[in-house]
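Undergrad: Got a sequence here, can you model it:
(one chain, ligands or ions: 1)
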Amino acid sequence: MSYVVAIDGPAGSGKGTLAKALSERFNLLNIDTGAMYRCVALKSLQENIDIKEEDKISEISKNINIELLDSGKVLLDGKDVTKDIRSKEVTSIVSPISSIVKVRENLVKAQRKLAVGKNVVMEGRDITTIVFPDAKYKFYLDASLEERAKRRFKEYQEKKINMTYDEILDNIKKRDYNDMHKEVGSLTRTEDQIYIDSTNLTIKEVVEKVSNIIEKGKKYEKIKR
Ligand code: DC
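TA: Numbers count the residues shown, from 1 in each chain. Below you'll find the predicted structure:
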């Protein structure tokens, strides 16, 4: 039986790095749902659509052709947009775009379809609550605001993406608020998620913690059978 590892958490909490490590360790398909919302934002920019034109943006999300490759590359209509979707312009409009209910409906449908019959690790904001509320493993990964901004800043410097620490801090603050106050699919903590605060943990420690939980679950499955 196939299974889902669902990870939610705020921007910069380390979900992407954790998901990548888990996908390699347990041979899981890695689905970065944030990248999908970013592709909708990028395509809206490319087509000069204003964020208030919700119908047009919803139409884009319905017909969009996104490929998430094993290498981590993201293709939009067959073109490599891995770097473009992390730009300042995309980052500043992605949260309001992800608040459009129709956009969410279309992308949630696409996310479920991508996972059919496969073992996957999927990360985002509503994976444990809306996309796969019955996932076998559900995690909420957190870290302090300052620590998350620090990590993003380092990541962006390495990727040569031009954003200052203060810009990133301000953007994360705004996105936190927006992501937690959506009409549908807001970032929420629930009783059945395993909560991990990674502020004072290395990525290796987080991966070990989560991997141990998955290993235990797998052992338990074997005993049950
Ligand atoms: O994880 P990220 O920073 O790349 O996500 C980009 C935006 O997309 C983020 O501001 C919230 C939104 N998002 C969402 O609403 N639901 C998801 N499942 C994933 C991301």
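Undergrad: C-alpha from now on. contacts and neighbour counts both.
TA: Noted.
Undergrad: And stretch 107-126, how far out from the chain middle?
TA: Relative to the centre of its chain, stretch 107-126 is centred 11 Å away, using Cα atoms, centre = their mean, to the nearest Å.
Undergrad: i'd like the first residue to be 46 from this point on
TA: Sounds good: first residue 46 from here, last item stretch 152-171.
Undergrad: Report the backbone C-alpha coordinates of it in CSV.
TA: Provided in CSV are the C-alpha atoms of stretch 152-171 (Å, rounded to 0.1, in the frame of the first residue of the first chain):
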residue,chain,number,x,y,z
LEU,A,152,-4.0,22.9,-7.3
VAL,A,153,-5.2,20.6,-4.5
LYS,A,154,-6.8,18.4,-7.2
ALA,A,155,-3.6,18.3,-9.2
GLN,A,156,-1.6,17.5,-6.0
ARG,A,157,-3.8,14.5,-5.2
LYS,A,158,-3.5,13.3,-8.7
LEU,A,159,0.3,13.5,-8.7
ALA,A,160,0.3,11.2,-5.6
VAL,A,161,-2.0,8.4,-6.8
GLY,A,162,-0.5,5.0,-6.2
LYS,A,163,2.9,6.4,-5.2
ASN,A,164,4.9,6.8,-2.0
VAL,A,165,5.3,10.5,-1.6
VAL,A,166,6.5,13.2,0.6
MET,A,167,4.5,16.4,0.1
GLU,A,168,5.2,19.7,1.8
GLY,A,169,3.2,22.9,2.0
ARG,A,170,0.7,24.7,4.2
ASP,A,171,-2.5,22.5,4.0
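Undergrad: number of nearby residues for Phe177?
TA: Using other Cα atoms under 10 Å, Phe177 has 20 neighbouring residues.
Undergrad: With Gly59 instead?
TA: 20.
Undergrad: out of everything not next to it in sequence, what's closest to Lys65?
TA: Asn75 (6.7 Å; Cα to Cα, 6 or more residues apart in numbering).
Undergrad: tell me the mean pLDDT over the host helix or strand of the one you found?
TA: Assigned by DSSP states H and E, Asn75 belongs to strand 74-77. Regarding strand 74-77, the rounded mean pLDDT is 97.
Undergrad: strand partners of it, parallel vs antiparallel please.
TA: strand 165-169 (parallel) (DSSP bridges).
Undergrad: does the ligand sit close to the partner strand?
TA: Yes: against the ligand, strand 165-169 shows contacts by Cα under 6 Å from any ligand atom at Gly169.
Undergrad: So in the protein, which helix runs the longest?
TA: The single longest helix within the chain, with elements called by DSSP state H, is helix 248-269.
Undergrad: Show me what that one packs onto, helices and strands only.
TA: Contacting helix 248-269 under the criterion 3 or more Cα pairs under 8 Å, 6 or more residues apart in numbering; DSSP states H and E are the following elements: helix 60-71.
Undergrad: Buried residues of the helix it packs on, list them for me.
TA: Buried residues in helix 60-71, counted by 16 or more other Cα atoms under 10 Å: 60-61, 63-68.
Undergrad: Which ones among those residues also lie next to the ligand?
TA: Among the buried residues of helix 60-71, no residue lies close to the ligand (Cα under 6 Å from any ligand atom).
Undergrad: This completes my enquiry, with thanks.
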